[in-house]
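Visitor: sequence first, predicted coordinates after that:
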Amino acid sequence: MTDAARVARLTEDLTSALKTGDLEDFYRDLHRHPELSFQEHRTAARLAARLRAAGFEVTEGVAGTGVVGVLANGDGPVVWLRGDMDALPVTEATGLPYASTADGVMHACGHDLHVTWLTGAAEALAAGRETWSGTLVVIGQPAEESGGGAAAMVADGLQERFPRPDAVFGQHVAPGPAGFYPHTPGLIMSAADEIEVVMHGLGGHGSRPEATVDPVVTAAYIVTRLQTVVSREVAASDAAVLTVGQLHAGTKNNIIPAEARLGLNLRTQETRVRERVLTAVRRIVEGECRAAGCPVPPEVTLTQGYPNTVNDADLDREIAAVHRELFGEHTVFDFGPAMGSEDFGLLAPQGVPYDFWFVTSTPADVWAAARGEELAEQLGDVPANHSPLFAPDLAVLVPGVRTLASAALSRLTA
Ligand code: ZN
Ligand code: ZN
């Protein structure tokens, strides 16, 4: 038997005793009670209680609401499993019997599923601890959506206070017919930057523009000119998205405001491209403000960012092979890097390999009704992460536990 086959059989053994109904109840409860970034108190308490009951030594309050459970089980490697816990400011429209009861908050990204998978994997591995040796560390991470959760855990000593990992694993629920496990041996998620721009004009009466410097007009030029960055300054072979998501100025029709603000979102997959776009953004903002005669230079501030998520290629191939053994050859494929972003990669100490993959969750009937011939078209027609209609198939509960548990076992039984 190959190593992958051995790990897959052991995973099936350890997870065969999982109580599906219990996991479903746990998931539905989390789904009913979503909590925003850094406010995951109830979710964290639920996770911590289950880990304690399973025999983990649990530390709560890491970076506010973070949870870390440690199960020391003899000599051997240290494996970290991570699940993020926060929900989004979205009003749920699924009509599910277990829909959110929190006003304007919803688990629209499926992090409730991530916590359930993490819990199921932790319990299965704890129950079967005589089959493996080493240390299992289970991490409930706050605030992936707002960014900052992983960095806050690291700042709160995650990498020093707990056993140093030999490998770190995480997974994300994704649209696509339930039962696929996309793996990418390298870059899997893009870097994201938030850029805030403040332009200073000279305010005055709407009837006397000659006595003002109108930042609204300058903002309009900047928004338009920023469209040339990706189209004219980034090579066709490089990936980049630059979106102006916010534009604010003014309070009244007959007042020329003194200030205008823009909020930009940038996605890139290479440092070289990221630097080039950031330089272009600064140049364009400063240039347009100079051209307009702004009395004070503009402020361009880089705020919360996400790094690239780059899987260790060997580790990813190893885990992909285990997942193929578990679910079938055709269920694992490489879809290439996504423009979405994650802060998962920040958790691993420098030089420690990590692997992150997707678990598709669109119910079969929803997928069958999706319009389009091509996969990309169909994906665009089913509710995806962040949609008020996002509703993963509960059939992915046990498979998601198995993907995570098997990744841990691939190291802990090596
Ligand atoms: Zn999300
Ligand atoms: Zn997410």
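Guide: Everything's here; your move. Ligands and ions are numbered 1, 2, ... in the order given.
Visitor: from here on, contacts and neighbour counts on C-alpha atoms
Guide: OK.
Visitor: residues in contact with Leu226?
Guide: With contact set as CA atoms under 8 Å, 6 or more residues apart in numbering, Leu226 has these partners: Leu242, Val281, Ile284.
Visitor: pLDDT added to those residues, as a markdown table?
Guide: Formatted as a markdown table, the contacts of Leu226 follow (pLDDT from 0 to 100):
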| residue | pLDDT |
| --- | --- |
| Leu242 | 97 |
| Val281 | 98 |
| Ile284 | 98 |
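Visitor: these in strands, which ones?
Guide: Secondary structure from DSSP state E places Leu242 of the contacts of Leu226 in strands.
Visitor: out of the contacts of Leu226, which is nearest to Phe333?
Guide: Leu242 (28.6 Å; CA to CA).
Visitor: identify the bridge partners of that closest one.
Guide: Following DSSP bridges, Leu242 is listed with bridge partners Leu266.
Visitor: can you give the contact residues for the longest helix along the chain?
Guide: Criterion DSSP state H: the longest helix present in the chain is helix 271-292. Applying CA under 8 Å, 6+ apart, the contact partners of helix 271-292 are 199, 213, 218, 221-222, 225-226, 229-230, 233-234, 238-240, 267-268, 297-298, 300.
Visitor: what's the helix or strand bottoming out on mean pLDDT in the chain in contact with?
Guide: None of the helices or strands of the chain scores lower by mean pLDDT, DSSP states H and E than helix 375-381, at a mean of 87. Residues outside helix 375-381 that contact it (CA under 8 Å, 6+ apart): Pro175, Gly176, Trp367, Ala370, Arg371, Gly372.
Visitor: sorry, back to before: using ChimeraX, define a selection of the buried residues within the contacts of helix 271-292.
Guide: Those of those that count as buried under 16 or more other CA atoms under 10 Å are selected in ChimeraX with:
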select :199,213,218,221,222,226,229,230,234,239,240,267,268,297,298,300
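Visitor: number of residues surrounding Ala150?
Guide: By the measure other CA atoms under 10 Å, the count of residues near Ala150 is 25.
Visitor: spit out the contact partners of it.
Guide: Gln141, Pro142, Ala143, Glu144, Asp343, Phe344, Leu346, Leu347.
Visitor: repeat that with 10 Å
Guide: For Ala150, the contact set (CA atoms under 10 Å, 6 or more residues apart in numbering) comprises 63, 66, 84, 141-144, 156, 158, 306, 342-348.
Visitor: taking the contacts of helix 375-381 one by one, which sit in helices?
Guide: Trp367.
Visitor: switch the contacts of helix 375-381 over to CSV; also include distance to Gly263, neighbour count and pLDDT.
Guide: Below are the contacts of helix 375-381 laid out as CSV (distance: CA to CA, whole Å; neighbours: other CA atoms under 10 Å; pLDDT from 0 to 100):
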residue, distance to Gly263, neighbour count, pLDDT
Pro175, 28, 24, 95
Gly176, 31, 25, 94
Trp367, 35, 19, 93
Ala370, 34, 17, 91
Arg371, 34, 14, 91
Gly372, 34, 12, 88
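Visitor: out of the contacts of helix 375-381, who's nearest Ser387?
Guide: For these, the nearest to Ser387 is Pro175 (10.8 Å; CA to CA).
Visitor: so the closest one versus Ala364, what's the distance?
Guide: Going from Pro175 to Ala364 by CA to CA, to the nearest Å gives 11 Å.
Visitor: which parts of the stretch 151-300 of the chain are helices?
Guide: With DSSP state H, counting those that start in this stretch as the criterion, the stretch 151-300 of the chain has helices at 158-161, 215-228, 271-292.
Visitor: skipping adjacent residues, who's closest to the residue most central in space within the chain in space?
Guide: Centroid-nearest residue in the chain, with CA atoms, centre = their mean: Glu342, separated by 3.7 Å. Leaving aside its sequence neighbours, Glu342 sits nearest to Tyr306 (CA to CA, 6 or more residues apart in numbering; 6.2 Å).
Visitor: what's around that neighbour, how many residues?
Guide: 24.
Visitor: can you name the residues bridging to it?
Guide: Note on Tyr306: beta-bridge partners by DSSP bridges are Ala192.
Visitor: thought it was touching Asn265?
Guide: No - the criterion here is CA atoms under 10 Å, and Tyr306 misses it with Asn265 at 11.1 Å.
Visitor: from Ala127, how far off is Ala93?
Guide: Taken as CA to CA, the span from Ala93 to Ala127 is 38 Å.
Visitor: OK, contacts around Ala152?
Guide: Applying CA under 10 Å, 6+ apart to Ala152 gives the contacts Val62, Ala63, Gly64, Gly66, Gln141, Pro142, Ala143, Leu158, Leu346, Leu347.
Visitor: go again using 7 Å as the cut-off
Guide: Shown in contact with Ala152 (CA atoms under 7 Å, 6 or more residues apart in numbering): Ala63.
Visitor: how far away is it from Phe38?
Guide: From Ala152 to Phe38 the distance is 10 Å (CA to CA).
Visitor: ok, now Thr413?
Guide: The gap separating Thr413 from Phe38 is 35 Å, by CA to CA.
Visitor: now Gly66
Guide: According to CA to CA, Gly66 stands 8 Å off from Phe38.
Visitor: got any residues that touch both of these two?
Guide: Common contact partners of Gly66 and Phe38 (CA under 7 Å, 6+ apart): Pro142.
Visitor: the more surrounded of those two?
Guide: Shown here are Gly66 and Phe38; by other CA under 10 Å, Gly66 has more neighbours (29 against 21).
Visitor: in this structure the more buried one contacts Val58, no?
Guide: No - here Gly66 lies out of contact with Val58, judged by CA atoms under 7 Å, at a distance of 10.6 Å.
Visitor: now do the buried residues in the helix or strand hosting Glu60.
Guide: In the assignment (DSSP states H and E), Glu60 maps to strand 57-62. For strand 57-62, the neighbour count (16+ other CA under 10 Å) marks Val58, Glu60, Val62 as buried.
Visitor: now stretch 184-198
Guide: For stretch 184-198, by 16+ other CA under 10 Å, it's 184-198.
Visitor: not counting its own residues, what contacts it?
Guide: Around stretch 184-198, the neighbours that count as contacts under CA under 7 Å, 6+ apart are 260-269, 298-313, 316-317, 334-342.
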